[in-house]
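> following is a predicted model, sequence given first.
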Amino acid sequence: MAQTLEDKVLKAMKKEAKPLRPGEIAELAGADKDEVTKAIKKLSGEGKVTSPKRCFWEAV
């Protein structure tokens with residue numbers, strides 16, 4: 001089964017274990033920044049990621 005972008009984003013966030021900007025997450029996940037931003041919004045709605053400060057995200 002292919003990994004979804006959301007899975008890649010979560011994996012990258014968990015690996016770094018610190019708050020990251022969407023651009024940094026995109027680089028780590030090997031994906032487009034705009035697509036990563038959409039994935040973060042979806043994950044945020046599901047309660048899987050949180051924003052400790054403006055423009056930074058981390059896995060819950």
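The structure has been received and is ready for your questions. Residues are numbered from 1 along each chain as shown.

> element containing the residue sitting nearest the centre point of the chain?
What sits nearest the mean C-alpha location of the chain, by Cα atoms, centre = their mean, is residue 9, with 3.9 Å. For residue 9, the element it lies in under DSSP states H and E is helix 5-16.

> ok, now residue 57?
strand 56-59.

> what's the pLDDT at the residue nearest to the centre of the chain?
Listed pLDDT for residue 9 reads 94.

> any weak-confidence spans in this structure?
For the chain, residues meeting the criterion pLDDT under 70 lie at 1-2.

> ok, residue 6 - how many residues close by?
Here the count is done by other Cβ atoms under 10 Å, and residue 6 has 18 residues near it. For the C-beta atoms, the positions are set from N, CA and C on the backbone; glycine is no exception.

> quick one, what contacts it?
Shown in contact with residue 6 (Cβ atoms under 8 Å, 6 or more residues apart in numbering): 39, 42-43.

> now do the buried residues in the strand holding residue 57.
57-59 (16 or more other Cβ atoms under 10 Å).

> ok so, going back, look up the closest residue to the residue nearest to the centre of the chain, ignoring the ones flanking it.
What sits nearest to residue 9 in space, not counting adjacent residues and going by Cβ to Cβ, 6 or more residues apart in numbering, is residue 39, at 4.7 Å.

> no further questions, thank you.
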